[in-house]
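# This is a predicted model, with the sequence first.
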Amino acid sequence: MLSTRNAKIARTFGARAASYEAHADLQRAVAERLARWLPPLARPRVLELGCGTGLFSRHLVARYPDGSFILSDLAPGMIEECRRNLGSGSSKRLSFQVMDAGRPSVEGPFDLIAMSMTLHWLADPVAALDRLSRLLAPGGVLIYATISGESFAEWREVLAAQGLPSALLDLPALPGIVDEERLITEAHALSFLRRIKAIGGLTPKEGYAPLSAGALRRVIRAVDEQHGGRITWHIVYGRVGSVEASQSSPSIRPA
């Protein structure tokens, strides 16, 4: 059974499934960059967690024409949109499952596990990475892209200065980081919030009490005045090996 928060995440993302890609330019760019870290594999068994509408799934099925894939997401609506976007040509290679990425209901081993902009939604990302790495075949690889705790620094700064609580997740340092980038997608704080809402990404952390309308307006105004409306995404890219390969060199380069 899903936790209350996970059920809300599934509902909010599922409700935006049909229009998600119209507002997901950043997520699309992140998927393209993460694809650089896909390893050369002949006939891999692949698990994708948080497949969404298939922004990264497209890279997977194109890169591994002889692979087999389990594509999963918490939101059934997202899975249906992913199935539609990938079309029927790859159907024999694909399996779709509703699944909690933090506690996957599937058996390994997998040659590749992938998560693009999913890890930050999990209650304990570090524990999840450890759990998932145990589903890898010897020599298998897990790759991920996610926001870090340094994301949205401008918004966090204004909230702290005004003594207001933050809905943003408190994200820990993650293992296996191999790449990073900072992205600014909007020039106004309100546009940033509208874009996040449009993709279903406004579910706050546990215990958060929403700001009043007046407080929210003050924060938006302060971000615009103090930071020119810019809010920075800090994206990190990681690569984690199987438990058997945990002692291998960390100096990895894209294939």
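It's in. Residues are numbered from 1 along each chain as shown.

# Let's verify the residue lying farthest from the centre of the chain: helix, strand, or coil?
For the chain, the residue at maximal distance from the C-alpha centroid (Cα atoms, centre = their mean) is G214, at 31.0 Å. Three-state call for G214 (DSSP: H, G, I helix; E, B strand; the rest coil): helix.

# Could you list which residues are in contact with it?
Neighbour list for G214: empty [criterion: Cβ atoms under 8 Å, 6 or more residues apart in numbering]. Where you see a C-beta, it was placed from the backbone N, CA and C, and this is true even at glycine.

# where's it relative to T146, distance?
33 Å (Cβ to Cβ, to the nearest Å).

# what's the answer for I79, then?
Counting by Cβ to Cβ - I79 and T146 are separated by 20 Å.

# Give me the residues contacting the helix or strand hosting G77.
Secondary structure from DSSP states H and E places G77 in helix 76-86. Contact with helix 76-86 is made by 10, 13-15, 17-18, 20-21, 51-54, 57-58, 61, 71-73, 94, 96-98, as judged by Cβ under 8 Å, 6+ apart.

# Same check on stretch 10-22?
Counting by Cβ under 8 Å, 6+ apart, residues outside stretch 10-22 touching it are 2, 28, 52-53, 55, 73-78, 80-81, 85, 198-203.

# Show me the helices in this protein, by range?
4-15, 25-34, 57-63, 76-86, 125-133, 153-161, 189-198, 213-227 (DSSP state H).

# V178 is nearest to which of the ones you listed?
helix 25-34 (10.4 Å; Cβ to Cβ).

# Which elements pack onto that closest one?
helix 57-63, strand 110-116, strand 136-147, strand 177-184, strand 232-241 (3 or more Cβ pairs under 8 Å, 6 or more residues apart in numbering; DSSP states H and E).

# The helices of the chain into CSV, with extra columns for mean pLDDT and distance to S105?
Below are the helices of the chain laid out as CSV (pLDDT from 0 to 100; distance: least, Cβ to Cβ, whole Å):
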stretch, mean pLDDT, distance to S105
helix 4-15, 86, 13
helix 25-34, 96, 24
helix 57-63, 96, 19
helix 76-86, 94, 14
helix 125-133, 94, 12
helix 153-161, 95, 35
helix 189-198, 91, 29
helix 213-227, 96, 38
